[in-house]
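Participant: Got a predicted structure here, sequence first:
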Amino acid sequence: MLTTAKTLSPGTKISPPLSARLMPYALLAPAFVVTLFIVFFPMVQAVYTSFFDLILWKPNASRFVGFGNYIKLFGDKVFWISLGHTALWIGLTVPLQMALGLVTALLLNREFPWRGLARAMIIIPWALPSVVIALMWRWIYDPNTGVLNDILIYLSVVQQAVPWLADPDLALYAIIATLTWQGFPFFAVMILAGLQGIPKSQYEAASIDGASSWRQFLHITLPGIAPVLGTAGLLRVIWVANSMDVIFVMTGGGPGYATHTLPLYAFVKARQNLDFGYGTSIAVTFTILLGAVVALYLVRTMREVER
Amino acid sequence: MTKPSTLRRIMTTDLPVLLIVLFAMGPFAWIILTSLTPSRVLDATGVSLSPSGWSLDNYARLLRQTSFLGNMLDSLIIAGGTVVLGLVVSVTAAYAFSRFRFAGRKLFMLQFLLINMFPVVLLILPLFMVMRKAGILDTHFGLILANSTVAIPFAVWMLTSYIGAIPKSLDEAAMIDGCSRLTALRRVVLPLTMPGIISTGIYIFITAWNEYLYALTLGGRNVRPVTVAIQTLIGEYQIEWGLLAAGAVVGAMPATLLFLIVQRRLIGGLTQGAVKG
């Protein structure tokens, strides 16, 4: 059987019949054709639209403006505000999720009786619809009847109710806290799987040599989970950057522009003003900016596939 | 283990884990409590913490006053349709990736990975324009297609790794016994991959059920999935938190239960790729 397989493999001199060589392409065709229509065609359409001045409810007034929308973007104050927020949004949310996820994973990796139950309960935030998460936290943050203010006033942390989502200086951070809550289980689960891949013998050897648990963490645990942290971190940067449903439901980008991020700005522009030309140009710009991170992730993953 | 070490374990492990569990569960538990508190009580004294103040009043109103069951049906059709479309086109693609080495293989794989990274906002605007022209805006079919932008690349990658885990020699043996490629796929590979296919399908279902932005933009009037329906429970003048909470609990329940049922296997599949690196 081994020899049959060898003669059939494309590396040898006898090449397989045409039908066999076309087989993989035929198998790929359905998925490829569907994605062509629902992803690549719309994407080309998006780039194309971004060169037009197109307001959806007056399609006859549509005209080609070349890079006009992009030039307008550079002078748009809201664009720069949103870009800043996007950086802050990613820069705070992902490390917070990762840190909390790491602590959770380290705890869940220990032996205790209700470990399975704890793990199942901790991933609840991951399973909930983002609309539910957003509304739930709006209820918790509510300045009049929200439970967070009740607790904080009871503990005398604050003297009077804080309008978490209505205060322009606080709103973005309040949403970042929500996103951290939503995303930390993902990290916990990923890191936990990484931890379980580290051989126990390494820890045993280290403790025989008298290494403190802190040194064990530094020299065994961290290097052991570094690949997971890298991959999960990159994935989350992309995911958090793209995610705007929670912000949209919690504040809609307000108060003012206090919680605008780039994807949200593009969405709001197109949805409320029906300004699809300008909206798509923001979306395209955002995609190009995110492209650097995506490229990093793709290189990393494809290297694995090569094995 | 001796007694003092049990105490130590409780202080250093059980207690911190309990805190994290409370943090993770707290908000959802709070919304459940809110949904169990009748609106009158909610307005007067706030969320009722004791079972004596609970009632299913909000749930009864949800079913009576709103079209929530119809919305659940919309969500079910869309999520189910996405699972079917996503799996059917992805299974053969995944088989091709894991069994053949052909020109352009890496490029095609890269393409599917790339799609998964596209910002929703980049797709949602042109999809709206395209679907408006095609006349499938606000239909189940339109939303199934939209959700497939996420489901197909995900399914292709997951299934490639699941099928890759099944020894090639099995389909080769079947082919020597006279099966064609496709028969070998159907008779040998598919049954063995079934657990993987099912968990991939369930994950697609959960994602499509929970999806909000496509549903809001490309649907919303005739076809209104639960995620959009929950948001419309916010009244015009003031928010009815009790009713909203009941809607949130009912709407979140199917996906959450599924997630809990399959979490172990699912997480195994999801983390595999990351851990291998």
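Facilitator: Great, that's in hand.

Participant: How much space separates B:P225 from A:I175?
Facilitator: In this view, B:P225 and A:I175 are 23 Å apart by Cβ to Cβ, to the nearest Å. Where you see a C-beta, it was placed from the backbone N, CA and C, and this is true even at glycine.

Participant: Compare those two and say which is more crowded by neighbours.
Facilitator: With neighbours defined as other Cβ atoms under 10 Å in any protein chain shown, B:P225 and A:I175 compare such that B:P225 has more, 32 against 24.

Participant: doesn't B:I78 make contact with that one?
Facilitator: Yes - contact criterion Cβ atoms under 8 Å: B:P225 and B:I78 qualify, at 5.9 Å.

Participant: Need the overlap of contacts for these two.
Facilitator: With contacts taken as Cβ atoms under 8 Å, 6 or more residues apart in numbering or on different chains, the residues that reach both B:P225 and B:I78 are B:L143, B:A215.

Participant: Could you give the number of residues near residue 239?
Facilitator: All of this refers to chain A. A:W239: 18 neighbours (other Cβ under 10 Å).

Participant: Wait, chain B was what I had in mind.
Facilitator: When neighbours are counted by other Cβ under 10 Å, B:I239 comes out with 16.

Participant: ok, now B:G80?
Facilitator: B:G80 has 17 neighbours, counted by other Cβ under 10 Å.

Participant: so which strand or helix has the spatially closest residue to it that is not a sequence neighbour?
Facilitator: Sequence neighbours aside, B:F205 is the residue nearest to B:G80 in space, at 7.2 Å (criterion: Cβ to Cβ, 6 or more residues apart in numbering or on different chains). Element membership for B:F205 (DSSP states H and E) is helix B:190-210.

Participant: How far off centre is that helix?
Facilitator: Here helix B:190-210 is found 10 Å from its chain centre; the criterion is Cα atoms, centre = their mean, to the nearest Å.

Participant: buried residues in it?
Facilitator: Buried residues in helix B:190-210, counted by 16 or more other Cβ atoms under 10 Å in any protein chain shown: B:192-193, B:196-197, B:199-210.

Participant: for those, which one is nearest B:L145?
Facilitator: Each of the buried residues of helix B:190-210 was scored against B:L145 by Cβ to Cβ, and B:A208 proved nearest at 11.4 Å.

Participant: How about the contacts made by that closest one?
Facilitator: Counted by Cβ under 8 Å, 6+ apart, B:A208 has contacts B:I78, B:A79, B:T82, B:V83, B:N147, B:V150, B:A151.

Participant: looking only at pLDDT, what's the mean for the host helix or strand of B:A44?
Facilitator: Per DSSP H and E, B:A44 falls inside helix B:39-45. In this model, helix B:39-45 has a mean pLDDT of 77.

Participant: Quick one: name whatever helix or strand follows that helix.
Facilitator: The helix or strand immediately downstream of helix B:39-45 is helix B:57-65, counting by DSSP H and E.

Participant: That next one near chain A at all?
Facilitator: No - using Cβ under 8 Å from any Cβ of the partner chain, helix B:57-65 stays clear of chain A, with a minimum separation of 13.3 Å.

Participant: what comes into contact with that helix?
Facilitator: Helix B:57-65 has contacts (Cβ under 8 Å, 6+ apart) with B:35-39, B:68-69, B:242-243, B:245-247, B:250.

Participant: For it, buried residues please.
Facilitator: For helix B:57-65, the neighbour count (16+ other Cβ under 10 Å) marks B:D57, B:N58, B:Y59, B:R61, B:L62 as buried.

Participant: Just the CA trace of that helix, in CSV.
Facilitator: C-alpha atoms of helix B:57-65 as CSV (Å, rounded to 0.1, in the frame of the first residue of the first chain):
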residue,chain,number,x,y,z
ASP,B,57,-44.7,38.6,35.4
ASN,B,58,-42.1,40.1,33.0
TYR,B,59,-41.8,36.9,31.1
ALA,B,60,-45.6,36.6,30.7
ARG,B,61,-45.7,40.2,29.4
LEU,B,62,-42.9,39.5,27.1
LEU,B,63,-44.8,36.6,25.5
ARG,B,64,-48.2,38.5,25.5
GLN,B,65,-47.2,42.0,24.5
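
Participant: what bits of chain A have low per-residue confidence?
Facilitator: A:1-16, A:59-61, A:305-307 (pLDDT under 70).

Participant: Just give me the residue closest to the centre of it.
Facilitator: A:W239 (1.2 Å; Cα atoms, centre = their mean).

Participant: which residues touch that one?
Facilitator: When contacts are counted by Cβ under 8 Å, 6+ apart, A:W239 touches A:G183.

Participant: That one sits in which helix or strand?
Facilitator: Residue-wise, A:W239 maps onto helix A:222-242 under DSSP H and E.

Participant: Next SSE downstream of that helix?
Facilitator: Toward the C-terminus from helix A:222-242 - assigned by DSSP H and E - lies helix A:245-250.

Participant: Give me the distance from that next one to the chain's centre.
Facilitator: In terms of Cα atoms, centre = their mean, the centre of helix A:245-250 is found 14 Å from the chain centre.

Participant: which helices and strands does it pack with?
Facilitator: helix A:130-141, helix A:171-196, helix A:262-272 (3 or more Cβ pairs under 8 Å, 6 or more residues apart in numbering or on different chains; DSSP states H and E).

Participant: Throw those helices into CSV and include distance to A:A211, thanks.
Facilitator: Listed next are the helices and strands packed on helix A:245-250 as CSV, based on distance: least, Cβ to Cβ, whole Å:
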stretch, distance to A:A211
helix A:130-141, 41
helix A:171-196, 17
helix A:262-272, 46
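
Participant: give me the number of residues near A:S243?
Facilitator: 23.

Participant: give the contact list for it.
Facilitator: Listed by Cβ under 8 Å, 6+ apart, the contact set of A:S243 reads A:S130, A:L179.

Participant: Got phi/psi on it?
Facilitator: phi -70, psi 120 (degrees, to the nearest 10).

Participant: Pull up the gap between the most centrally placed residue in chain B and chain A, please.
Facilitator: Nearest residue to the geometric centre of chain B (Cα atoms, centre = their mean): B:I206, 1.7 Å. Distance, B:I206 to chain A, by Cβ to the nearest Cβ, to the nearest Å: 7 Å.
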